[in-house]
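Participant: Pasted the sequence and its predicted model underneath.
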Amino acid sequence: SASAVLRPPGESTVVVAHRGGLPGPENTLPAFEQALLTRAAFVETDVRLTRDQVPVLIHDATLDRTTDGHGPVAEHTFSELRTLDAGAWHDPRYAGSRIPTLDELLALLAPTDMNALLELKGTWSIEQASLLVDLVHHHGLTDQVVLQSFDAATLHALAQCAPHLPRFLLAEELDGDPVEAVRASGCVGFGTTPELLAAHPQALAALHEADFVVFCFTVNSREVADLLRAAGVDGIITDTPALIGG
Ligand code: G3P
Ligand code: CA
């Protein structure tokens, strides 16, 4: 379960399939299905709300890069988004892949022991965050889900409506003490880059000392992954789980 891997014993560092990982198109069901065949302990994905408040899985705020649609995700209804192709841009083999709903991903994971690292993109109100949390409950996945966000207001909303679900603060830059930032956010972990950890050599030990877990994104080099493992990083978020997972 997610709670078991949040405190990995000794040398074990978990692998997280970033956006489902390659070779499939990011944040699509084919990518998530492929991740189930790797040694990844988690799939990571990005959640956004459609205009009619359906949680869907897409990284960018706009449709243009990863679909044949245009403009902001938040200005389209779910039925509009569902007509778009989310696979052909990546490889013609995946033409016809759709933007998945969070509901579809959770249904895929429920019968498995795969954990989900759900990133809430943008800023979510308590009411909006509750829509996501209700889906996690509906699928009986409270033990297999970790929530994360770069956004302080969203983490605060999650702390209110899902105090029982583990949350990670994401940051690529540091203003001040990372331990204080994670503590203030009410999170149990910190997701950051190898560059930030290298620039703040005391940060990893200080976070561990304070009992926080530390995941690193996005690590696609075996050498960097091995260095992070040796340093005791708790999770490695990668586009290439088959390579990094060994
Ligand atoms: O898991 C954290 C990582 O996914 C954050 O960056 O841009 O890939 O969502 P991004
Ligand atoms: Ca993400």
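Facilitator: Yep, it's here. Residues are numbered from 1 along each chain as shown. Ligands and ions are numbered 1, 2, ... in the order given.
Participant: neighbouring contacts of the helix or strand L105 falls within?
Facilitator: Assigned by DSSP states H and E, L105 belongs to helix 102-109. Applying CB atoms under 8 Å, 6 or more residues apart in numbering, the contact partners of helix 102-109 are 29, 32-33, 36, 43, 45, 47, 55-57, 115-116, 118, 132, 135-136, 138-139, 141, 144. Every C-beta, even on glycine, is put in place using the N, C-alpha and C of the backbone.
Participant: Determine the longest helix present in this structure.
Facilitator: helix 126-138 (DSSP state H).
Participant: buried set for that helix?
Facilitator: Buried residues in helix 126-138, counted by 16 or more other CB atoms under 10 Å: I126, Q128, A129, S130, L131, L132, V133, L135, V136.
Participant: just to revisit the earlier point, got a quick PyMOL command for the buried subset of the contacts of helix 102-109?
Facilitator: The PyMOL command for the buried members of the contacts of helix 102-109 (criterion: 16+ other CB under 10 Å) is given here:
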select buried, resi 29+32+43+45+47+55+56+57+115+116+118+132+135+136+139+141+144
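Participant: what helix or strand is the nearest residue to D151 once chain neighbours are set aside on?
Facilitator: Nearest residue to D151 in three dimensions, chain neighbours excluded: T123, at 5.2 Å (CB to CB, 6 or more residues apart in numbering). Counting by DSSP H and E, no helix or strand carries T123.
Participant: wait, doesn't T123 sit right on A153?
Facilitator: Yes. Assessed by CB atoms under 8 Å, T123 is found in contact with A153 at 5.4 Å.
Participant: Pairing partners for the first helix or strand past the helix holding L105 going along the chain, with directions?
Facilitator: Next helix or strand after helix 102-109 toward the C-terminus (DSSP H and E): strand 115-120. Sheet pairing of strand 115-120 (DSSP bridges) gives strand 42-49 (parallel), strand 145-149 (parallel).
Participant: and the ones you listed as JSON lines, adding mean pLDDT and distance to ligand 1?
Facilitator: Formatted as JSON lines, those follow (pLDDT from 0 to 100; distance: least, CB to the nearest ligand atom, whole Å):
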{"stretch": "strand 42-49", "mean pLDDT": "98", "distance to ligand 1": "5"}
{"stretch": "strand 145-149", "mean pLDDT": "98", "distance to ligand 1": "6"}
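Participant: hang on, the earlier thing: now the helix holding L105: average pLDDT?
Facilitator: Averaging pLDDT along helix 102-109 yields 98.
Participant: Okay, now the unreliable bits of the chain?
Facilitator: 1-11, 246 (pLDDT under 70).
Participant: For ligand 1, give me its nearest residue in it.
Facilitator: F217 (4.1 Å; CB to the nearest ligand atom).
Participant: Based on its surroundings, how many neighbours for that residue?
Facilitator: For F217, the neighbour count with other CB atoms under 10 Å is 21.
Participant: gap between it and C161?
Facilitator: According to CB to CB, to the nearest Å, F217 stands 25 Å off from C161.
Participant: give the contact list for the residue nearest to L147 when sequence neighbours are not counted.
Facilitator: Closest residue in space to L147, ignoring its immediate chain neighbours: R167 at 4.9 Å, by CB to CB, 6+ apart. Shown in contact with R167 (CB under 8 Å, 6+ apart): V146, L147, Q148, S149, L155, L158, A159, S185, G186, C187, V188, G189.
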